[in-house]
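**Q** pasting the sequence and the predicted model now:
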Amino acid sequence: MVRWVWGVVLALALVGPAQAEVAYREVPLQFIAALGGPGETSGTNAQLWGHWEVDPGSRGVWLSVFPALAVTKVAPAGWSFDVQDWWLEEHGLIMEAPAFPLAPGQYVVTGGRAVTSVLTIGTPDAEGAQSWSLADGATLQDVTHMGCRAARYTPKAGVECTPEAAPAGKFPLMPGDTMPGVQGCAQQDYAVLFLVGLVD
C-alpha cells in the first residue's frame, strides 16, 4: 500500500473541463465511506459519510473468529464491536466503524484510477444535513476505489443480526460483486474513496 507523507504541498491538476490547479497537503492514505449514486457530483447527505484514518481492513477480524470477538467485544487492534451496528469488507473481515460525521473541509480524493478531485464537505445546516460536492464535474464513481467494498449491518426490527449469519463462502468478492446480504440484517452499502490530501 502506498504511504503518504505529511507536510508536502503539491499542485493538483483536476480532471475535468476547468483543469484547475489546487495547492494541497499530502497526507498518509486514509479512507472515506460515502453514500450516493455513482453518477452524482454533489448531494446533501454528507452527515451520513464516515472517515477511517487508517485502513480498517488491516485492523479487521475474520468471520471465522467472530465467536471470540462476540465474547470480548474488543478486536485485537483495540476497536470495540457493536452487534447492533457492524461492518464488513470485501475479504470477509469484520471491521471497525468509521468516525461520523466527516468534518467540514476540502479533501483530495481518488479511486486510484484516472480521476483525482477535491471533495468539499459543508458545515451542518439547522437540521444537521451537510452538503458535499466534487470539483470539475467528477462523479462519485470516478473517485470510488472499485476493489474496496464496505457494508454496514444493523438488526431488522425484532430480529437477531450477527456476523455468524454472514455467508463466509462468498468471500473474497470478485470484481463487480456486491456485498452479500445477512439474514436478519438491514444492509447499507458504502462507496470507498481514498483520501490523499487536504486543502488548507
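**A** Looks like it arrived, so ask away.

**Q** show me what the residue minimising distance to the centre of the chain bridges to in the sheet.
**A** With distances taken as Cα atoms, centre = their mean, residue 33 lies nearest the centre of the chain, 2.1 Å away. Bridge pairing for residue 33 (DSSP bridges) gives the partners residue 50, residue 192.

**Q** same check, this time on residue 151
**A** Note on residue 151: beta-bridge partners by DSSP bridges are residue 88, residue 189.

**Q** so it is in contact with residue 90, correct?
**A** No. Using Cβ atoms under 8 Å, residue 151 makes no contact with residue 90, being 9.3 Å away. C-betas here are computed from N, CA, C, even on glycine.

**Q** find residues that contact each of those two.
**A** Counting by Cβ atoms under 8 Å, 6 or more residues apart in numbering, the residues touching both residue 151 and residue 90 are residue 179.

**Q** tell me if I'm right that the residue nearest to the centre of the chain and residue 49 touch.
**A** Yes. Taking Cβ under 8 Å as the definition, residue 33 is a contact partner of residue 49 at 6.2 Å.

**Q** how much space separates residue 60 from residue 154?
**A** 18 Å (Cβ to Cβ, to the nearest Å).

**Q** could you do residue 132 as well?
**A** Separation of residue 132 from residue 154 (Cβ to Cβ) stands at 23 Å.
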